[in-house]
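S.K.: can you look at this prediction? I've put the sequence above it.
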Amino acid sequence: MAIIELHGIKRHYTMGDIVVKALRGLDLKVEEGEFLAVMGPSGSGKSTLMNILGCLDKPTGGSYVLDGLETSCASSDAFAEIRNSRIGFVFQGFNLLARTSAIENVELPLFYKRGAKRKDQRALARKALDDVGLGPRFHHMPSQLSGGQQQRVAIARAMVTDPAFILADEPTGNLDTEMSLEIMKVFQELNSRGKTIVMVTHEPEIAAYTKRIITLRDGALVNDLAVTGSRDAGEDLAAWKARNNLIAHLAEAPK
Amino acid sequence: MTPGRLVLFSFRSILRNRMRSLLTSLGIIIGVCSVIVMVAVGAGSQAQIQKQIASMGTNLLMIMPPRGPREANRLTTADVAKLKAESSYAKAISGMVRGSFEVVGGNGYYTTSVQGVEPDYLVIKDWGVVSGDFFTDADLKTRRKVAVIGQTVATQLFGTDDPIGQNIRVRTTPFKIIGVLSKKGATGMGNDQDDVIMVPLDTAINRLARDRFLNDIEISVTNADLMTAAQTEVTTIMREAHRTGEGDTADFEIMNQSEIIATASQTTKTLTALLAAIASVSLIVGGIGIMNIMLVSVTERTREIGIRMAVGARKRDILFQFLSESVILSLLGGIIGILLAFGLCWGLSYFLKIPSEIDPVVVAAAAGFAAAVGIFFGFYPASKAAKLYPIDALRYE
C-alpha cells in the first residue's frame, strides 16, 4: 500500500511581480516500508517538497494522498492533527525543547494527541527512547546530551505516535561521522522493522544507506533510482570505530 | 492538551524565568495591593469616623440656636418641657447649658467644661457612672448643688483619692460630688469628653449661667429609622412653642446625627473611590507590562512554537498556552499583591495606628480584575503566537 502519493504537485511563490516555481508538477509514490532519500542541489525544491510532505505547507496545485487520506482540502487544524498522528519529524537542528527533559520532549506529541491517556504517555515515551537506544538518560536536558543523543531523542519523539512515515530533514547535517553513522544505524533498524522513512539529504554517502534515491532539479524529478546493495550503517560504524581505535593506539604507542 | 497539563506547563515556563516573571507581575502586585489597601484604609477610617459620630449620642437630634451674628438664642426649659410632653419619637430629652469655669477643690484649681444637664443626658450619651450616682429629676427641681465629674477632672483635682463626697467650688457656688462618670475617650475632633463636670440643669441656669437660655437641646430618638420623622415632629413642636408663623424662618436649627453620618460616609466613600481608581490605573499599567513581556516571550520562543506546531499543536493549543501563562502570571501577581496588602494593613494599624478593614469582596474583585487583565493583555501576544506559520517559526533563528 502506498503511504505517499503525489500527483502533479506544484508550488509557486509570488515575490512581487516574479512567480517562483519551486515545484513544477511532481509525481511520486512511496510504498510502505521504503527508505527514501531525496537529493538535489540547493534551490532544487527539496525543502519545498519536504514542507508539503510534512503538511507544513499546502501545494499550489496537484494532489497529495497520505496514507489513503486526501490532504488538499484539509483545514489548518486537520493539518495539525495529520502532523501529530501520521508524520514523525526529524530535523537537522534536532529542534528539541530547551530545558525540557528527554522524556518530556518525547511525550510532547502525545500532549497534543486527542484521546491520549496520561498513564500511557510515559510508557510510550520510555519505549520510544528504548527503541532508539538512548539508555538511561531519560531525565537529561538536551544541553546535557551529545548531538547524536539529541537526535536519538528527536527520532524517539518522531516515533512515539507511531506515524505512517518518518520525515527527516538533513538529520545528520549537524553531526560528525561517528554520530551520523549511529543515526543512520537507528534509521536502518527502524526501517527493517517496517517503518517508512523519507530523508532529505545532500550527502551521497548518507543517501547510500537508504534503499531508494530520488533527485530533484529545478523543481522536477530528474532521477529515481533503487539502491542496489545499500550499505549497512552498523558495519560501517564498527569499522570506523576500529580504525579510530587503531589510530589512537598507534598514537599512544611508545616510540 | 488537558487544562491540567496547560497549567503545569505554564507554571514551569514562568518558573524558568523567575526574575523576569517577578518583575513582570510587579505592576499587578503593586496594583492589587494598593487597591486593597486604599479601600481597606478608606473603610477603616469611615468606620472610625462613624464610631466617633456615634459617640456623640445614640440617634441624636440636636436643637441649637440659629447661627449668624444677629440671631438670638431663644431655647428654654419650657421648650424642653413641651417636647417631653408632646414628642412621640423621643426616648430621652435633655436641655443643656455649658461654660468653661475655673473649679476649685481637692488639690487646687482646674479649668474645665461645666455642663448643666438633665438625668436623661446619660441615656442620650449612652454613658454611666463608675462610682456614686447621677443626679435625679428631684435634684433638678430642688436645684441641689451636686456634681458628677468626668475621669480627667477626677484625676486632675483628686489624683487617686476618692472624689465622692468631696466639695468643689465653681465660681462662688459650692457643689458636692456625688458621682464619677465612666471613661468616654476623645471625640472625633480630639476633644477629651472626660474633661467635664455635670451639674443639674436648673442649678446651672440659676447659679452659673448669665441668662436663662439653653445652649442646646439634645434628643435621643427611639429608633434609627425614625430620625427623619422625629426631626419633622420636633420642628413642628418647636415652631409651635416659639409661635413661629407659617412661612417664617425658624429661630432654631436642628442637627440630625444620621445626616452627619451620611455626609461623612459620602465624603470618605468618594475619597476611597478616587484613591482606588488611581490605584487601579497601576493594574492597567501592570497589564501592559505583562503584554510587553509576553510579546518578547513569543518572539523568543518562536522556534519552540514551531516545534510544537510541527508535532501537532493546533492554533488554539498555542493560543491557550500563552494565554494561560499570562493569566497565571497576573493571578500569581494578584495573590502576592493580596498577601502584601494584608501585611501592609497589619503594619499600618500596628505601627501607625491607622485603622483598616479589608473587604473580602474587594479582595475577590482585585483578584478577578488581575485575571481579567491577564486575559485582556495576554490575548494579543497569544494570538500573535498562534498565527505564526509553522515553517517560518521552525526556521526562525
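M.R.: Right, received. Where do you want to start? Note that the structure is predicted; figures quoted are calculated from it, not measured. Numbers count the residues shown, from 1 in each chain, chains lettered A, B, ... in the order given.

S.K.: contacts, neighbours, all on C-alpha from now
M.R.: Noted.

S.K.: please, which helix or strand holds residue 179?
M.R.: Went with chain A since none was named. Here A:M179 sits within helix A:177-192, counting by DSSP states H and E.

S.K.: my question was about chain B
M.R.: Secondary structure (DSSP H and E) places B:G179 in strand B:173-181.

S.K.: and that strand, how far from the chain's centre?
M.R.: 36 Å (C-alpha atoms, centre = their mean, to the nearest Å).

S.K.: B:L352 - how many residues pack around it?
M.R.: Neighbour count for B:L352, taken as other C-alpha atoms under 10 Å in any protein chain shown: 9.

S.K.: looking at it now. What's its pLDDT?
M.R.: For B:L352, the pLDDT comes out at 83.

S.K.: picking that back up, quick check: mean pLDDT across the helix holding A:M179?
M.R.: The model assigns helix A:177-192 a mean pLDDT of 92.

S.K.: which parts of the longest helix seen in chain A are buried?
M.R.: Taking DSSP state H as the criterion, chain A has its longest helix at helix A:233-252. For helix A:233-252, the neighbour count (16 or more other C-alpha atoms under 10 Å in any protein chain shown) marks A:233-234, A:237 as buried.

S.K.: same check on stretch A:129-149?
M.R.: For stretch A:129-149, by 16+ other C-alpha under 10 Å, it's A:129-132, A:134, A:137-138, A:141-142, A:147-149.

S.K.: other residues contacting the longest helix of chain A?
M.R.: Contact with helix A:233-252 is made by A:178, A:181-182, A:184-185, A:188, A:209, as judged by C-alpha atoms under 8 Å, 6 or more residues apart in numbering or on different chains.

S.K.: can we see that at 7 Å?
M.R.: Helix A:233-252 has contacts (C-alpha atoms under 7 Å, 6 or more residues apart in numbering or on different chains) with A:178, A:181-182, A:184-185, A:209.

S.K.: likewise stretch B:286-296?
M.R.: B:24-25, B:27-28, B:326, B:373-374, B:377-378, B:381.

S.K.: now, those that are in helices?
M.R.: Those of the contacts of stretch B:286-296 lying in helices (DSSP H): B:24-25, B:27-28, B:326, B:373-374, B:377-378, B:381.

S.K.: top of the residues you listed by number of neighbours, please.
M.R.: B:I28 (38 neighbours).

S.K.: surely it is in contact with B:L332?
M.R.: No. Here B:I28 does not reach B:L332: they are 8.9 Å apart, not a contact under C-alpha atoms under 7 Å.

S.K.: direction included, what does the strand holding B:G179 pair up with?
M.R.: Paired with strand B:173-181 in the same sheet, following DSSP bridges, are strand B:129-132 (antiparallel), strand B:146-149 (parallel), strand B:167-170 (antiparallel).

S.K.: just say which of the ones you listed is most tucked in.
M.R.: strand B:146-149 (a mean of 26; mean count of other C-alpha atoms under 10 Å in any protein chain shown).

S.K.: what's the angle between the following helix or strand past it and strand B:173-181?
M.R.: Using DSSP H and E, the helix or strand that follows strand B:146-149 in sequence is helix B:151-158. Interaxial angle of helix B:151-158 relative to strand B:173-181 (axes from the mean of the first three to the mean of the last three C-alpha atoms, to 10 degrees): 130 degrees.
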